[in-house]
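Visitor: sharing a model that was predicted from the sequence below.
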Amino acid sequence: MLSRHFLRAKTLQTIYAGVCNKTASADELIKVFDHNVMRLNDLGLYQLSTLSQLSFTAERIMETEMQKFNPQEKEINYLKRITDNCFISRLESGFEFKQQMNRLNVDWSNHFDIFRKVLTQLKTSQQYLDYADISNPTFEDDRNLALHAFKIMMNDNSLRSIIFERDLLWEDDFDQVAQYVFMLLKECTEENTNEASPCPQVYDSRNDKDLNDFNFARKLTIDTYNHIDDIEPMIKKHLQNWDFDRVALMDILLINMAVTEFTCCPSIPERVTVDEYIELSKEFSTEKSKLFINGILDKLLIELRVAGKVVKNERGMYDPAIDGDVPPEDN
């Protein structure tokens, strides 16, 4: 599920940390990369656990309401819609889901008020009001309500802060991982969601595409880190009226990663590589970085082609002059 763009960002962050901390070897660095990606799964599981906790909170409130001398039937019916939500029930009944929750020791017991607030917000939303008009909701109806509740929770600042306390590095990745989890939940159907179903994970090594993309980023990390010293003289040669020491480290690393892709990734078109690192420069470097990086990469690409170091297979042989402005998808 993790996109190659997102994985490139993880590679960039890992190499940046390695350079700043003077990590001794690529082997040590790759352990950091592996850990960072696996922690994204933990973040996704924490986010996923909020649905189970929302159902549990609704059950507790309903029990309290039913013990009152004059219980509010409307409120009880609303809460039953949450506790009886078949999508959430199937999700949390999964054997692997339970295992993962136990492994992470997920505990929301001290944050009852946050989930009660979410239930109040959900109850007044148009999505719930439309759902309440359905006398016999289907699995899909229950899933759509759960997805709406998930969006409310992922935008709740109090809940986000609690998750950030678990791992300070999660703040930067929170929204992207929440989007991945949302997409995974959206793909759940009545047929593929049961006790034996695998727990949704943002990186699942059992999925061929996930594994291929992970291995791509892993190799990119190793190859880039191993050849930083080799690429530095090439960059210096193309700097005009500019001292290499004044170039932002992030820009240098982005150029290094791009050169590695040019020379070590035969299936990725050159245009895709250039566009990817320009986009990453917008996210991680200065306003002027995209122009600088684009200019240097153009010069380096010509030099590498002349030296015969850029070898692309059929998929990587993309020529914008022939094929138009839209490069093939980077899978």
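Guide: Nice, thanks for sending it over. Since the structure is predicted, the reported quantities are computational estimates derived from the model, not experimental observations.
Visitor: what sits against the residue positioned nearest the centre of the chain?
Guide: Centroid check for the chain by CA atoms, centre = their mean gives residue 177 as the closest residue, at 3.5 Å. Residues in contact with residue 177 (CB atoms under 8 Å, 6 or more residues apart in numbering) are 40, 43-44, 47, 170, 202. Every C-beta, even on glycine, is put in place using the N, C-alpha and C of the backbone.
Visitor: tell me which helix or strand it sits in.
Guide: helix 170-186 (DSSP states H and E).
Visitor: quick check: next helix or strand after that helix?
Guide: Next along from helix 170-186, by DSSP H and E: helix 208-226.
Visitor: for that following helix, buried residues please.
Guide: 210, 213-214, 216-218, 220-225 (16 or more other CB atoms under 10 Å).
Visitor: please look at residue 260 and residue 217 and confirm they touch.
Guide: No - the criterion here is CB atoms under 8 Å, and residue 260 misses it with residue 217 at 11.4 Å.
Visitor: what is in contact with these two at once?
Guide: Joint contacts of residue 260 and residue 217 (CB under 8 Å, 6+ apart) do not exist.
Visitor: so where's the protein shaky on pLDDT?
Guide: Filtered on pLDDT under 70, the chain yields the residue ranges 314-331.
Visitor: for it, which segments count as strands?
Guide: In the chain, no strands are defined using DSSP state E.
Visitor: please report phi then psi for residue 203.
Guide: phi -130, psi 120 (degrees, to the nearest 10).
Visitor: tell me the spacing between the closest residue to residue 146 other than its chain neighbours and residue 190.
Guide: Excluding the flanking residues, the one nearest residue 146 by CB to CB, 6 or more residues apart in numbering is residue 87, at 4.9 Å. Residue 87 sits 9 Å away from residue 190, going by CB to CB, to the nearest Å.
Visitor: okay, those two: which has more neighbours?
Guide: Set residue 87 next to residue 190 and count neighbours by other CB atoms under 10 Å: residue 87 wins out with 24 against 14.
Visitor: that one: what's it in contact with?
Guide: 139, 142-143, 145-146, 188, 193.
Visitor: please tell me how far it sits from residue 113.
Guide: Distance from residue 87 to residue 113, by CB to CB: 25 Å.
Visitor: equivalent analysis for residue 257, please.
Guide: In terms of CB to CB, residue 257 sits 45 Å off from residue 113.
Visitor: so between these two, which is more surrounded?
Guide: Comparing residue 257 with residue 113 by neighbour count (other CB under 10 Å), the higher total belongs to residue 257, at 25 against 10.
Visitor: pull the contacting residues for that one.
Guide: Applying CB under 8 Å, 6+ apart, the residues near residue 257 are 8, 11-12, 15, 220, 224, 277.
Visitor: any chance of these in a markdown table, with distance to residue 283 too?
Guide: Formatted as a markdown table, the contacts of residue 257 follow (distance: CB to CB, whole Å):
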| residue | distance to residue 283 |
| --- | --- |
| 8 | 10 |
| 11 | 13 |
| 12 | 9 |
| 15 | 15 |
| 220 | 17 |
| 224 | 18 |
| 277 | 11 |
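Visitor: max pairwise distance over those residues: which two?
Guide: Maximum pairwise distance in the contacts of residue 257, criterion CB to CB, is 12.9 Å, between 15 and 277.
Visitor: how deep is the closest residue to residue 196 other than its chain neighbours tucked in, by neighbour count?
Guide: Nearest residue to residue 196, sequence neighbours excluded (CB to CB, 6+ apart): residue 95, at 6.7 Å. Residue 95 has 13 neighbours, counted by other CB under 10 Å.
Visitor: now do the one 4 residues further on
Guide: Other residues near residue 99 come to 11 when the count uses other CB under 10 Å.
Visitor: ok, the one 5 residues further on next?
Guide: By the criterion of other CB under 10 Å, residue 104 has 14 neighbours.
Visitor: for the one 10 residues further on, same thing?
Guide: By the criterion of other CB under 10 Å, residue 114 has 21 neighbours.
Visitor: any buried residues in the helix holding residue 177, and which?
Guide: 170, 173-174, 176-178, 180-181, 184-185.
Visitor: quick check: the farthest pair among the buried residues of helix 208-226?
Guide: Greatest spacing in the buried residues of helix 208-226, by CB to CB: 210 and 225 (22.9 Å).
Visitor: who's in contact with residue 142?
Guide: 85-88.
Visitor: mind running it again at 10 Å?
Guide: 81-82, 84-90, 131, 134, 190 (CB atoms under 10 Å, 6 or more residues apart in numbering).
Visitor: what of residue 80?
Guide: Counting by CB under 10 Å, 6+ apart, residue 80 makes contact with 58-59, 62.
Visitor: one more: residue 118?
Guide: 50, 53-54, 57-58, 149-150, 152-153, 155-156, 158-159.
Visitor: of those, just the buried ones, PyMOL syntax please.
Guide: Command for PyMOL that selects the buried part of those, burial taken from 16+ other CB under 10 Å:
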select buried, resi 50+53+54+57+58+149+150+152+153+156+159
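Visitor: chain center to the helix ranked longest in the chain, what's the gap?
Guide: Looking across the chain with DSSP state H, the single longest helix is helix 26-66. For helix 26-66, the separation from the chain centroid amounts to 13 Å (computed by CA atoms, centre = their mean, to the nearest Å).
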